[in-house]
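K.L.:
Mind looking at a prediction? Sequence and model below.
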Amino acid sequence: MAAKEHVQDPAEAALLQRTPAVIAPGHTFESVTDSIAGVVLTKRTTLGWFFGFALAFSLLMLLNLTIGKLLMEGIGIWGNNVPVGWAFDIINFVWWIGIGHAGTLISAILLLFRQQWRTSINRFAEAMTLFAVACAAMFPLLHTGRPWLAVYWLFPYPNSMGLWPQFRSPLIWDVFAVSTYGTVSALFWFTGLVPDMATLRDKATSPVAKRIFGMVALGWRGSARHWQRYEMAYLLLAGISTPLVLSVHSVVSFDFAVSVLPGWHATIFPPYFVAGAIYSGFAMVMTLAIPLRKFYGLEDFITMRHIHNMTKVMLATGMIVAYGYANEAFFAWYSANPYEGYMMLNRMTGPYAFFYWSLIAINAAMIQLFWFRSVRDNIPLLFVLSLLVNVGMWLERFIIIVTSLHRDFLPSSWDMYAPTRWDFAMFAGTIGLFFSLFFLFVRFVPAIAIFEMRTIVPEAKLKEHHG
Amino acid sequence: MNQSNDIEALRARLDGTRGREYWRSLEAVAETPEFKEFLHREFPSNASEWLDPVGRRSFLKLMGASLSLAGVSACTRQPIEEIVPYVRQPEELVPGKPLFYATAMPFAGSALGLLVESHEGRPTKIEGNPDHPSSRGATDIYAQAAILGLYDPDRSQTTTNLGEIKPFSAFVEAARAVVSGQGSKQGGGLRILSETVASPTLAAQIEALLKRFPAAKWVQWEPVGRHNAREGSRLAFGEYVEPQYAIEKADVILSLDSDFMCAGPAGVRHSRAFASRRRAETGTARNRLYAVESTPTNTGTRADHRLPLKPSEIDGFARALAAQLGVEGVTAGTVSDAARKWLGPLAKDLQGARGRGVVIVGEGQPAAVHAIGHAINAALGNVGETVTYTQTPEAAPSDQRAGLRELVGEMNAGKVDFLLVLGGNPVYTAPSDLQFGAALHKVKLRAHVGLYEDETAALCQWHIPEAHFLEMWGDARSDDGTVTIVQPLIAPLYNGKSLVEVMAAFSEAGARAGYDLVREHWAAQTGLSTEAVAPAPAPQPAATAPGAPAAPAGVAAAPSQPLSPFDREWRRWLHDGLVPNTAFAPKPVTLQAGFAKAAAPAGQGLEVVFRPDPSVYDGRFANNGWLQELPKALTKLTWDNAALIAPATADRLGLFKGEADEAFASKAPVVELKKGDRTLRVPVWLVPGQAPDTLTLHLGYGRERAGRTGTGTGFNVNVLRTWDSQDVVNGVELVATGDTYQLASTQDHWSLEGRNLVRVATAAEFAADPGFADKRELVADRALTMYKSDWKYEGYAWGMAIDQNVCNGCNACVVACQAENNVPVVGKSQVLNGREMHWLRVDRYFTGELDNPDTYHQPMPCQQCEGAPCEVVCPVAATTHSDEGLNDMVYNRCVGTRYCSNNCPYKVRRFNFLLYQDFDTPSLKLMRNPDVTVRSRGVMEKCTYCVQRINQARVTAKLDDRQIRDGEVVTACQAACPTDAIVFGNINDPESRVAKLKKSPLNYALLAELNTRPRTTYMAVVRNPNVELEPPSASHAEGEEGH
Amino acid sequence: MSHETTTPTLHGLMAEFDNPTALVEATNRARLQGYRQMDAYSPIPIEELNDALGLRRTRLPRLVLLGGMLGGLGGFSLEYWASTIAYPFNIGGRPLNSWPQFIPVTFETTVLGAALSCFIGMWALNKLPMPYHPVFNVPAFERASSDRFFLCIEATDPQFDPQTTRAFLEGLHPVGVSDVEP
């Protein structure tokens, strides 16, 4: 694709538009291929990798422990109660699934928009998506009282009484949306991976690696006929994924919007959830990209241009989210509905007010910093801010879920919610799962799409020829 | 230490044995310090063993063996095998079809007539006996919870002597020895300490014994008996009489610190009587209730006018009122300004209703006030109209307080050789300054008969397990005198003996079966001959039971041979559940002079009021999980008691910084109450409407040996309760300790937040604007809907109407629901986490000013919405709608997403977060209602409108090929309700009572604006205030709107 | 024809180039020469090759459309059948066919159908996975996946002749020309 499109020399491009290039000057097919494939093919694994993986893995073990206890004793080990039937479980679910949106968005939407800066980040962004969805998918299942039944009763398959799922329930929509999303992202990711696997197959020196990469490469040989269909398939998948990405978080927002609760029953939810998802997704990409480019010396491929663009996307989506907050507050007042009104008042002044205001501080106030170029250039600061954005988006889900539930219609049933240590253990555990997978990914899979990078080196540009 | 090792070893050895739950309580005994020092005292010989390990080990082995035996023996007596021998199935006993037997629950010197539902010989549910005057079909929480009391695995299991298992016969021997030993000294060393006895047979037995031994003494003691009422009646009339109130006849009622609707078994009768003049259907014949009280009561919450006064001020108020009404012999006392404003209008109202008014004085008030109350009623010509006087239901009324003090004196003086404690737990309940426990050690031989191995049992050599009233033959008088023969529903689970049987051991005739003893007594009373007596005791199902009279579980069917004259009567008594014409006839009384001499002690400083706990009473129900977890009507506290205090007072004492509302969250400050050298550390709890500078302490908590459920819950307030101040302590000093204590309350939030949930108008406003309830709707057009629903409900359409005018929050419905639907108990920590499981809760809201608010009770079952939000969001169709409009819950399909609960605007759904049901304890298995699924971990559950009862009725109706009649299906909550506030039926049948109620202008649906179209609706409250005290345009118009 | 039989041991001849431009040029020239049975191999997709090799547009899009429609149809009919015919229920008073609430699932199944048919279709049309292929016998071909560009004229081409074809390829200034063992 990009090969045909007219790429001017990146260096001069950088001069023209005051933005840095998407790839540092002076790179050739070979240099690109070797420096990225090298990360995978190198024999020696860095100590840092081992350290990081060990840390993530120990958290993963904590997850196993928690799940074990959960299955033995029931979700009573968490802080959930009546009225707060959902808490950390669903907060974490929405948080993870939100993070999972950036990957597909980058690879699909930016592809459709011919944004070539996507090429160097889409691979690991998609991987991030897959891992985030894996973490997310865990919660809807484990938060049920009887997961061993939920496992198959939630899927469209009749039980022994010929009873089917209840398709009016947003939870069933969730099941379809999330599983579809997981599947399609995986296909998309794998498709993108095949040519690079061929590269690794051919570059690998150890016979074992050759065999393994060879199998995954499916015998890819770069034939023009294959490339033609491959490009078409990639484009189609992108086209399919784009509405999918938007639908998934809309469906997740239906879990709330379809209910009757003040604070949930709002038409603004789908757009504002999708924006929030992209926002948190980019924050997570940033959180991962900054250390990644540092430790693996990939600054040439993940350039300031990428950092800038991601920051700008976060700024834009963050503003939409902030608009969502304003909109909620406005309608609470404008609807003149006492329940809505109290809900908003309770968020702002109730027992959980602190979390509401820190949420506003991060997602509405803090992101205004992204307007400033000096901030966008300050990598360490951006890293911290991106972490804060993740925190902020987690808080948003906490506010939406807990403060709406804990005080609804009948004051008699109002109650407070407090998480237990198992709530935190479960959350930390999924973070462990996420990073364990990510560490394995950066070690054994090219974290940047090599063949797509090749398409943007100067050589890839066809010279004018006559006759 | 290796002593504890031994006990570990003992545990280990016993764990293997069957019936673990049986020895546990005993083993606990072995560990408690009391028991160890008790051993030292009791066996000087063995005392040394505790010092020498080998000896001690052997001793424990010995005990261990006996304990394990206890478990095993208990197991061999599984009643299920014993009482329903299907080898020869009793003809009327159809498996799956419950039988109902009439009996009565003896309680605090009175009794409540009951019908007990029995499944295959297992009593599973208690209803009121419609034919019984004390019940008229309704019950109170204690009767409802009695089922759990019966099957309580912690009940004492066997007769023990010094902790060793002994056969009952051994005790009989000992008893004989005592009796013969006392022969010489006329029984001078013989003392019997019982609770108030309302059983004619038992009383007769004791009298007989006293006749044989003139020097012996019988003392009755109730920690919260009707002492003041008795003394009051003697002050007024010179003899003990029982005032019988005909509240249904009264237009104006004044309650002086009296909770006549919920105190004791008479409460059931009074509630119904009061409600008969208050319900939505009543129309304009509404009565008017004035309540002057020191601490909010259920009765007070239904009052049209409520005046919080310190307990000491009520005496003054009564005198002032009496003076105002021109009662001779009473001089006006000093009254506060608030009270003075009342006197005029109140007196006028009472005078206006001569013969149609009544003044009722509460147990907590001194005798003089009771006397004044009687005098006022006399002066107003109410006597003979709304109040009559009869002899007391208790067989031998006496000054129990004096009696107990005298007894303790004799015990300390070593005059008592043998003390027989017939029920009760004096070591725990006696006023602390009497040091009853210490005095007990001075008695040479002491025996305790009781349901539990409690504090008293621990200090007696002999302990005899008492038979639960559902296990025994006996008799009891209810407060109007009506006698009921108590018949057993099941053979004693744990080999218990009834008090009658225990007393028999001391008679010449010796130990006999309770059945014979009771029959003999009544044969003698009626003088009918008992010739040709039927061989087997044959309890009869009550009239209302389905099917003809049936044989009792496990006993052969009634013999067909001719019955003796007495038996013919006897069978009818058993069948009807009462002995006809035993209700007392009114007796004329004449007011004595000088009844009002003794003025109550002037109050100073903080006044502390002692009241029986709304749930565990005087502590006798401490081990009953249903009652422990029952949210107390006004505080919504569970599992604890606390010092109730008015918000204003709390602020003045600086107990709560900041907004009072916050204080309702579960962290309560702990204070130290000091009176002389007695101190009590107790958390405080805010109660709007509590009298200023008045603390209320509930008895019955802080038990040390109640059982696994009750031990260690709450605080033992007896510490402050001395003999001369059993009702009120004056001048108590309060010191904030700065500590806090977690109190588990099921409703932290008590304001309506200006929402239209409870709709109230005064009678005048209602007359002016009958449609006021609808006008408070949030959305005019409720029919707004996305699709036109195509669901019609032909046939039955079940619905419920709840009349908030009469609900006084007595909680009977809540316990009834728990018993009927196998609702588990979750424990304090889970309640703290908002996980209580009650399918039906009673919401309590305060409106108006904090110091003296209006209080409303709103029973909240599942609303069975036609547009149920819960159903739409369930991913697996585990909750769906039946064609009769029930919101069904399919437990085995539920995966537990809890989305339904989140989406339920009424939050009536309950989730099994952990495994709350006890699937192991055998006796609890017997208890469960076989018609209702026992839910396990991870599923949602909720009120089903007692669908099992609907189906029972459907079967019966189908069999004789007809429609289900109105009133044929009665939900558990409806059946229990003393005020008849809950009406259930088929709303498609225009003639049904529920359909009529729903046509009432007062009828409104909760949160109708959500278009949930609930099948349960509520009747708006119509208050009937006195315009002189509350001019129209009253604050209440916005009162129930919230702030 | 005749030479085919004489040279059964050859899959074709392969010329190696070091930049895409050269490859495209070479391919065009070969086409002008009348070669048809040939294929180009490159580490990056080069659209110009499609015309150079005279490739037709792929059928993939129509496949995907079909898959999507089947998915959507299947999704909705499953919902409709399950909730109105197989096991009708009164759920919160909603109609049996609450079609607005069936839309989200229908959408998702549409996407799933499309995506699956796209993925499977693409690999199937490419006849991948194919573990063995003669071109891998050329040692230099290792670099086809990183920085070298190859044009392979296959022995099955009617004009193919080991000598002339080699000569022709040599004339394109490749980095090298090598036989492709079958």
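P.N.:
Now that the structure is in, tell me what you want to look at.
K.L.:
so what's the spatially most central residue of chain C up against?
P.N.:
Chain C has residue C:126 as the residue nearest its centroid, 3.8 Å off, counting by Cα atoms, centre = their mean. Residue C:126 makes contact with A:225, A:226, A:229, A:230, according to Cβ atoms under 8 Å, 6 or more residues apart in numbering or on different chains. No exception for glycine: its C-beta is placed from N, CA and C like everyone else's.
K.L.:
Now with 10 Å, please.
P.N.:
A:218, A:219, A:220, A:223, A:225, A:226, A:227, A:228, A:229, A:230, A:233, C:58 (Cβ atoms under 10 Å, 6 or more residues apart in numbering or on different chains).
K.L.:
phi, psi of it?
P.N.:
phi -80, psi 0 (degrees, to the nearest 10).
K.L.:
Likewise for residue B:117?
P.N.:
phi -80, psi 130.
K.L.:
Just give me the neighbour total for it.
P.N.:
The tally of other residues near residue B:117 (other Cβ atoms under 10 Å in any protein chain shown) stands at 20.
K.L.:
what does residue A:363 give?
P.N.:
Residue A:363 has 25 nearby residues by other Cβ under 10 Å.
K.L.:
Residue A:395 is in contact with that one, correct?
P.N.:
Yes. Residue A:363 lies in contact with residue A:395 (Cβ atoms under 10 Å); the separation is 8.1 Å.
K.L.:
what's the closest non-adjacent residue to residue B:237?
P.N.:
residue B:589 (4.2 Å; Cβ to Cβ, 6 or more residues apart in numbering or on different chains).
K.L.:
Okay, strands next: where are they in chain C?
P.N.:
C:12-17, C:38-41, C:149-154, C:176-180 (DSSP state E).
K.L.:
And these: which comes nearest chain B?
P.N.:
strand C:38-41 (50.8 Å; Cβ to the nearest Cβ).
K.L.:
Can you give the distance of that closest one from its chain's centre?
P.N.:
Relative to its chain's centre, strand C:38-41 lies at 12 Å (Cα atoms, centre = their mean, to the nearest Å).
K.L.:
other SSEs contacting that strand?
P.N.:
For strand C:38-41, the packing partners by 3 or more Cβ pairs under 10 Å, 6 or more residues apart in numbering or on different chains; DSSP states H and E come out as helix A:224-257, strand C:12-17, helix C:20-33, helix C:48-52, strand C:149-154.
K.L.:
can you tell which of these is closest to chain B?
P.N.:
Of all the helices and strands packed on strand C:38-41, helix A:224-257 comes closest under Cβ to the nearest Cβ, at 7.8 Å.
K.L.:
in the closest one, what's buried?
P.N.:
A:224-242, A:244-257 (16 or more other Cβ atoms under 10 Å in any protein chain shown).
K.L.:
and the angle for that helix with helix C:20-33?
P.N.:
Orientation check (axes from the mean of the first three to the mean of the last three Cα atoms, to 10 degrees): helix A:224-257 against helix C:20-33 gives 120 degrees.
K.L.:
Does chain B have contacts with helix A:224-257?
P.N.:
Yes. Helix A:224-257 is in contact with chain B by Cβ under 10 Å from any Cβ of the partner chain, via A:255, A:256.
K.L.:
ok, and the closest non-adjacent residue to the residue in the stretch 901-1043 of chain B positioned nearest to chain A?
P.N.:
Closest to chain A within the stretch 901-1043 of chain B is residue B:938: 2.7 Å, counting by Cβ to the nearest Cβ. Distances taken as Cβ to Cβ, 6+ apart place residue A:145 nearest to residue B:938, at 2.7 Å, with adjacent residues excluded.
K.L.:
Confirm that neighbour sits in a strand?
P.N.:
No. Counting by DSSP: H, G, I helix; E, B strand; the rest coil, residue A:145 falls outside a strand, being coil.
K.L.:
just checking, it touches residue B:911?
P.N.:
Yes. Because the distance of 6.9 Å satisfies Cβ under 10 Å, residue A:145 is recorded as touching residue B:911.
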